[in-house]
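Asks: below are the sequence and a predicted model; questions follow.
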Amino acid sequence: MNFLAHLYLSGKDENVMLGNFIADAVKGSHFKDYPDGVAKGILLHREIDHYTDNHPVFRRSKSRLSAKYGIFSGIIVDIYYDHFLARNWDDFAEEDLRGYVAAAYFILVRKFHLLPPRSKRILPFMVSQNWLVGYAQFDSLQRVFNGMSRRTNNISGMENAVSDLKADYDHFKDDFMEFFPQIIGHIGPFRSNLLSGISSDMHKP
């Protein structure tokens, strides 16, 4: 799961959304350095990643790319799934995508002082280029993959990922539409238990 799906799965709590957004930049037990709600958002992010990485449908998606992209195949599928979430947003949410994303940006910018350095570098680009809405469009998706490829010194080949998505579009979409309701069903109760203090599951990155 990438940024859009992680935010969606956070629910309505602003601190949980913030924690979910910054989680990849917070390692090990350092989630304890943050306010309680933010810390729970980090733990929620880890559970989302754990569930996703071990799900047979997600693994099926990865298997279509693994021969070509190797260790980068999971990252690519994460972004593919955000593309399908953006494209099919109305199937999962009552609020318009642009309105939801604008509100999410507002929350993250308002809490900018709480972000770790890595997240502070990412957020201005995300907002100015409107990544979360742009995931729905191939040209914006291409810019994302081009940037990621440059950050891997072009060894990942991710600049070709949009072409591979188009070539097998229906299969990837079918995978997403099978998988996403299942992760919603899993994460909803997990999030409720986490926020009520019941869950102690702390998956580490």
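Replies: Nice, I can see it.
Asks: all contacts plus neighbour counts: C-alpha atoms, from now on.
Replies: OK.
Asks: quote the end-to-end distance of stretch 46-64.
Replies: Stretch 46-64 has an end-to-end distance of 25 Å (C-alpha to C-alpha, to the nearest Å).
Asks: let me see the mean pLDDT of that stretch.
Replies: Predicted confidence along stretch 46-64 averages 97 (mean pLDDT).
Asks: just how off-centre is it within its chain?
Replies: Offset of stretch 46-64 from its chain centre (C-alpha atoms, centre = their mean, to the nearest Å): 12 Å.
Asks: and it, what's buried?
Replies: Buried residues in stretch 46-64, counting neighbours by 16 or more other C-alpha atoms under 10 Å, are found at 46-49, 51-53, 57-59, 61-64.
Asks: same deal with stretch 147-154?
Replies: 148, 149.
Asks: contacts for it, please.
Replies: For stretch 147-154, contacts defined as C-alpha atoms under 8 Å, 6 or more residues apart in numbering pick out 155, 156, 157, 158, 159.
Asks: what helices or strands is the helix or strand where residue 62 lies leaning on?
Replies: Using DSSP states H and E, residue 62 sits in helix 56-63. The helices and strands touching helix 56-63, judged by 3 or more C-alpha pairs under 8 Å, 6 or more residues apart in numbering; DSSP states H and E, are helix 73-87, helix 169-196.
Asks: tell me the most buried of those helices?
Replies: helix 73-87 (a mean of 22; mean count of other C-alpha atoms under 10 Å).
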